[in-house]
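[1] sequence and computational prediction follow.
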Amino acid sequence: MAKVVSDSWVMGPSKNIKRSVAFYAKLGLKPSMRMPFYVEFKIPGGTALGLHSMGEKVEKKRGRGGGFGIMLRVKGLEKLAAGLRRKGIRCSPVRTAPGGANFSSFSDPDGNRLTLIQMA
(Lines give C-alpha, C1' and ligand atoms only; values in the text may rest on other atoms or scores of the structure.)
Protein backbone atom coordinates (compact mmCIF):
# COMPACT_ATOMS: atom_id res chain seq x y z
CA MET A 1 0.00 0.00 0.00
CA ALA A 2 1.22 3.49 -0.82
CA LYS A 3 2.26 5.76 2.03
CA VAL A 4 -0.43 8.33 2.82
CA VAL A 5 1.21 11.76 2.80
CA SER A 6 -1.71 14.05 3.54
CA ASP A 7 -5.31 14.19 4.68
CA SER A 8 -7.80 12.06 2.81
CA TRP A 9 -11.10 13.05 1.24
CA VAL A 10 -14.29 11.61 -0.11
CA MET A 11 -15.72 12.97 -3.33
CA GLY A 12 -19.23 12.62 -4.69
CA PRO A 13 -21.53 14.10 -7.31
CA SER A 14 -23.86 17.07 -6.93
CA LYS A 15 -26.55 18.16 -9.37
CA ASN A 16 -26.63 21.63 -7.81
CA ILE A 17 -23.56 22.89 -5.94
CA LYS A 18 -25.38 25.90 -4.45
CA ARG A 19 -28.10 23.66 -2.98
CA SER A 20 -25.46 21.26 -1.62
CA VAL A 21 -23.56 24.10 0.11
CA ALA A 22 -26.81 25.17 1.83
CA PHE A 23 -27.49 21.58 2.95
CA TYR A 24 -24.01 21.02 4.38
CA ALA A 25 -24.18 24.41 6.15
CA LYS A 26 -27.06 22.90 8.17
CA LEU A 27 -24.55 20.28 9.32
CA GLY A 28 -22.19 23.04 10.45
CA LEU A 29 -19.73 22.67 7.56
CA LYS A 30 -18.35 25.64 5.63
CA PRO A 31 -16.63 25.39 2.25
CA SER A 32 -12.83 25.40 2.50
CA MET A 33 -12.38 25.46 -1.28
CA ARG A 34 -14.80 26.63 -3.94
CA MET A 35 -14.78 26.57 -7.74
CA PRO A 36 -17.72 26.85 -10.14
CA PHE A 37 -17.81 23.05 -10.56
CA TYR A 38 -16.42 21.88 -7.19
CA VAL A 39 -16.74 22.61 -3.47
CA GLU A 40 -14.81 21.09 -0.58
CA PHE A 41 -15.59 20.99 3.14
CA LYS A 42 -13.08 20.17 5.90
CA ILE A 43 -14.46 17.66 8.39
CA PRO A 44 -12.96 17.63 11.89
CA GLY A 45 -10.45 14.81 12.20
CA GLY A 46 -8.57 15.45 8.97
CA THR A 47 -10.95 14.29 6.25
CA ALA A 48 -12.45 16.46 3.55
CA LEU A 49 -15.69 16.07 1.62
CA GLY A 50 -15.61 17.17 -2.02
CA LEU A 51 -18.63 17.58 -4.26
CA HIS A 52 -18.29 17.98 -8.01
CA SER A 53 -21.00 19.36 -10.24
CA MET A 54 -22.73 16.88 -12.48
CA GLY A 55 -25.35 19.32 -13.73
CA GLU A 56 -29.13 19.11 -13.49
CA LYS A 57 -29.45 16.44 -16.21
CA VAL A 58 -27.69 13.67 -14.30
CA GLU A 59 -29.89 10.61 -14.03
CA LYS A 60 -29.97 8.40 -10.98
CA LYS A 61 -28.46 5.09 -12.03
CA ARG A 62 -28.06 3.38 -8.65
CA GLY A 63 -30.92 2.34 -6.39
CA ARG A 64 -31.01 5.45 -4.23
CA GLY A 65 -29.06 7.57 -6.70
CA GLY A 66 -26.20 8.48 -4.39
CA GLY A 67 -22.58 8.50 -5.42
CA PHE A 68 -21.02 7.81 -2.01
CA GLY A 69 -21.65 6.95 1.59
CA ILE A 70 -19.74 8.48 4.48
CA MET A 71 -19.66 7.60 8.16
CA LEU A 72 -19.10 10.47 10.60
CA ARG A 73 -18.09 9.50 14.15
CA VAL A 74 -19.88 11.78 16.63
CA LYS A 75 -20.59 12.31 20.32
CA GLY A 76 -24.09 13.09 21.59
CA LEU A 77 -25.85 11.34 18.71
CA GLU A 78 -29.42 11.64 20.04
CA LYS A 79 -29.11 15.40 20.56
CA LEU A 80 -27.34 15.90 17.23
CA ALA A 81 -29.95 13.91 15.26
CA ALA A 82 -32.78 15.83 16.96
CA GLY A 83 -31.11 19.13 16.05
CA LEU A 84 -30.78 18.09 12.40
CA ARG A 85 -34.46 17.09 12.31
CA ARG A 86 -35.37 20.57 13.59
CA LYS A 87 -33.41 21.96 10.63
CA GLY A 88 -35.51 19.88 8.23
CA ILE A 89 -33.06 17.03 7.65
CA ARG A 90 -34.79 13.64 7.65
CA CYS A 91 -32.58 11.51 9.92
CA SER A 92 -33.55 7.92 10.55
CA PRO A 93 -34.40 7.00 14.13
CA VAL A 94 -31.28 6.21 16.18
CA ARG A 95 -30.64 2.46 16.02
CA THR A 96 -28.12 0.16 17.65
CA ALA A 97 -25.85 -1.98 15.48
CA PRO A 98 -24.43 -5.35 16.51
CA GLY A 99 -21.54 -4.53 18.82
CA GLY A 100 -23.38 -1.65 20.44
CA ALA A 101 -22.66 1.35 18.21
CA ASN A 102 -25.62 3.71 17.74
CA PHE A 103 -26.28 5.33 14.38
CA SER A 104 -28.66 7.52 12.40
CA SER A 105 -28.60 7.94 8.62
CA PHE A 106 -29.83 10.53 6.14
CA SER A 107 -29.17 11.63 2.56
CA ASP A 108 -28.04 14.90 1.04
CA PRO A 109 -30.11 16.52 -1.76
CA ASP A 110 -28.36 14.33 -4.37
CA GLY A 111 -29.02 11.04 -2.57
CA ASN A 112 -25.49 10.66 -1.16
CA ARG A 113 -25.78 8.74 2.12
CA LEU A 114 -24.41 10.07 5.42
CA THR A 115 -24.41 8.08 8.66
CA LEU A 116 -23.71 9.55 12.08
CA ILE A 117 -22.28 6.90 14.39
CA GLN A 118 -21.54 6.95 18.10
CA MET A 119 -19.31 4.12 19.23
CA ALA A 120 -20.27 2.12 22.32
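    That came in fine, so what should we check first? Numbers count the residues shown, from 1 in each chain.

[2] when you work out contacts or count neighbours from here on, use the C-alpha atoms and nothing else.
    Will do.

[3] ok, how many other residues are close to S14?
    Look at S14: counted by other C-alpha atoms under 10 Å, it has 28 neighbours.

[4] ok, now which ones touch it?
    S14 makes contact with 20, 51-55, 110 under the criterion C-alpha atoms under 8 Å, 6 or more residues apart in numbering.

[5] let me know the closest of the residues you listed to I70.
    L51 (12.7 Å; C-alpha to C-alpha).

[6] how about the contacts made by that closest one?
    L51 neighbours (C-alpha under 8 Å, 6+ apart): 11-14, 17, 38-40.

[7] would you list the contacts of S14 in a markdown table and tack on distance to A97?
    Rendered in a markdown table, the data for these read as follows (distance: C-alpha to C-alpha, whole Å):
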| residue | distance to A97 |
| --- | --- |
| S20 | 29 |
| L51 | 29 |
| H52 | 32 |
| S53 | 34 |
| M54 | 34 |
| G55 | 36 |
| D110 | 26 |
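
[8] take the residues you listed and keep only those in helices.
    Where these overlap with helices, as defined by DSSP state H, the overlap consists of S20.

[9] select only the buried ones of the contacts of S14 in ChimeraX?
    Buried members of the contacts of S14, identified by 16 or more other C-alpha atoms under 10 Å, are gathered into one ChimeraX selection as follows:
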select :20,51,52,53,54,110
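
[10] confidence-wise, which of the contacts of S14 comes last?
    Looking at the contacts of S14 by pLDDT, the weakest one is G55, with 69.

[11] farthest-apart pair in the contacts of L51, please.
    Between any two of those (C-alpha to C-alpha), the greatest distance is 12.9 Å, for M11 and I17.

[12] for those two, indicate the residue with more neighbours.
    Each of M11 and I17 had its neighbours counted (other C-alpha under 10 Å), and the higher figure belongs to I17 (22 against 17).

[13] what's the separation between that one and R73?
    I17 is 25 Å from R73, where distance means C-alpha to C-alpha, to the nearest Å.

[14] same question, I117
    As defined by C-alpha to C-alpha, I117 lies at a distance of 5 Å from R73.

[15] so those two - more neighbours on which side?
    Looking at I117 and R73 with other C-alpha under 10 Å, you find the greater number of neighbours at I117, namely 22 against 14.
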